[in-house]
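1. I'd like to go over a predicted model; first the sequence, then the structure.
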Amino acid sequence: MSFISRGFRGKRRDTASSSRLPPGQYIVTDYPVLSAGPTPRIPLNEWTFVIEGEIDKPRSWNWEEFRKLPTEQVTKDIHCVTKWSKFDTGWTGVSMDKILEGVETAAEYTVQFSYGGYTTNLPLEDLTGGKAWVVYEFDGQPLHPEHGGPARMLVPHLYFWKSAKWIRGIRLVNEDEPGFWETNGYHNYGDPWREQRYWGD
Amino acid sequence: MVQETPRVASLVLEMPDWPGHLAGQHVDVRVTAEDGYQAERSYSIASSPEDSRLAITVERLDDGEVSPYLVGELRIGDKVELRGPIGGYFVWRPADERPLLLVGGGSGVVPLMAMIRHRVAINSKTPTRLLYSSRSQDDIIYRAELERLAARADGLTVAHTLTRMQPAGWDGYARRIDLAMLSEVAWPRHEMPLTFVCGPTPLVESVASLMVDMGYDPPSIKTERFGPTGG
């Protein structure tokens, strides 16, 4: 139950942007950093990306191989559970549809796992159908380590903690396995339009 | 309402039915204008879980939306809508016996203060060092309380650094936190400390990286960053 906060007016935004802004979010123009723990440093010659788990044979790419995959440039609004949203962020990377092309799996769930130990879970269907990418450029520049470089996930239809930084691979699993924030009080799915921030939302 | 510094105030709230919290957790504060417009921001809890009232400490951001209201408009007796406690990562549980290194920048000291207050409230003897970076002496939040707690000599030590302006006769550090400072203040690696770092992103990035360079185990370094934006 909300009540009026006497004297609060707030900064209004125009209606054009408010239809793009999920409930409880505000717009930023810079790019805040949120990570748990130190930023991992990953030399490109040691970087690999792997698809493993419920798959006949794991697929893996080193940096050079990965960069030869067909790229896409996408422009997306991103929404952080800490309440900032940033509009029209530009990314270059590889669509998960391309990465998972030809993969046959009975798995319905996935776990993204990262250098540094971060994990986050998603239904497989949230990574396919033009909804997710592995990206390595932000606004045309190599992705800065603070923001997840060399490569991070981009799953913009969900809160941004569902887009793992420093991505190392994706595990296909039969049972849903809550990841790092999901076991630390945050919602298991994280849809910003339904304001699924925390446990119980 | 406690004015901590010219820009920072603590809000002390009576919380009926508060479920309790862990030191380091935060709450979401929601404010609602007369026409129903709402804004929400997260603020760290400053009080110990043992305190009967809940305190949050808020820095007024000049271009912020919620913080100028909380720090400037809110009056004693006003109601505040909040949700929490939230977060299970940046928390200190006293059963963890590792020595604590707390590194804070500006209002990043707030969740660390909850840990320090918790430690005192339960008479924990966990060896604890706070390294706290502020712009000037006037910007130090909880200055008197920290001084008093450190004087108990019960295993808490407090080191300040003032990065922009130092008063005459200042005997603390007078620069941004660097390798030499951390080498002096941090627990030796073999003591396997648990480290919490909270502050603006550049400070957190720098301190966490330096700690990794110094050989501390990355999972033992817990960070919470806040950017220049916020509310």
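-> Arrived safely, thanks for sending.

2. run through the residues that contact the residue nearest the centre of chain A.
-> Closest residue to the average C-alpha location of chain A: A:Ser163 at 1.2 Å, with CA atoms, centre = their mean. Contact partners of A:Ser163, counting by CB atoms under 8 Å, 6 or more residues apart in numbering or on different chains, are A:78, A:148, A:152-156. In this view, the C-beta of every residue, glycine as well, is placed from N, C-alpha and C.

3. now render those residues as JSON lines, adding neighbour count.
-> Below are those laid out as JSON lines (neighbours: other CB atoms under 10 Å in any protein chain shown):
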{"residue": "A:Ile78", "neighbour count": "21"}
{"residue": "A:Gly148", "neighbour count": "26"}
{"residue": "A:Arg152", "neighbour count": "24"}
{"residue": "A:Met153", "neighbour count": "25"}
{"residue": "A:Leu154", "neighbour count": "25"}
{"residue": "A:Val155", "neighbour count": "24"}
{"residue": "A:Pro156", "neighbour count": "21"}
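
4. can you narrow these to ones near chain B?
-> When contact is defined as CB under 8 Å from any CB of the partner chain, these do not meet chain B at all.

5. now the helices for the chain?
-> Using chain A here. Assigned helices in chain A, in chain order: A:15-18, A:63-67, A:96-99 (criterion: DSSP state H).

6. could you do chain B instead?
-> Under DSSP H, chain B gives helices at B:67-68, B:109-121, B:143-151, B:179-185, B:201-213.

7. dump stretch A:125-140 to PDB, restricted to CA.
-> Output of stretch A:125-140 as PDB, limited to C-alpha atoms (Å, rounded to 0.1, in the frame of the first residue of the first chain):
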ATOM      1  CA  GLU A 125      13.700 -20.600 -24.400                       C
ATOM      2  CA  ASP A 126      14.800 -17.200 -23.100                       C
ATOM      3  CA  LEU A 127      18.200 -17.600 -24.900                       C
ATOM      4  CA  THR A 128      16.700 -18.500 -28.300                       C
ATOM      5  CA  GLY A 129      14.500 -16.800 -30.800                       C
ATOM      6  CA  GLY A 130      16.500 -13.600 -31.200                       C
ATOM      7  CA  LYS A 131      16.500 -12.800 -27.500                       C
ATOM      8  CA  ALA A 132      20.100 -13.300 -26.400                       C
ATOM      9  CA  TRP A 133      23.600 -12.700 -27.600                       C
ATOM     10  CA  VAL A 134      27.200 -13.100 -26.600                       C
ATOM     11  CA  VAL A 135      28.600  -9.600 -27.100                       C
ATOM     12  CA  TYR A 136      32.100  -8.300 -27.200                       C
ATOM     13  CA  GLU A 137      31.700  -4.700 -28.300                       C
ATOM     14  CA  PHE A 138      29.800  -1.800 -26.700                       C
ATOM     15  CA  ASP A 139      29.200   1.300 -28.800                       C
ATOM     16  CA  GLY A 140      31.700   0.000 -31.300                       C
END
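
8. so which of the helices of chain A is the most surrounded?
-> Ranked by mean neighbour count under mean count of other CB atoms under 10 Å in any protein chain shown, the helices of chain A are led by helix A:96-99, which reaches a mean of 18.

9. what's the average pLDDT for that one?
-> Averaged across helix A:96-99, the pLDDT comes to 98.

10. next one: the residue in chain A that chain B sits nearest to from B:Asp62, what distance?
-> Going by CB to the nearest CB, chain B is nearest to A:Pro32 of chain A, at 3.2 Å. Using CB to CB, to the nearest Å, we find A:Pro32 at a distance of 17 Å from B:Asp62.
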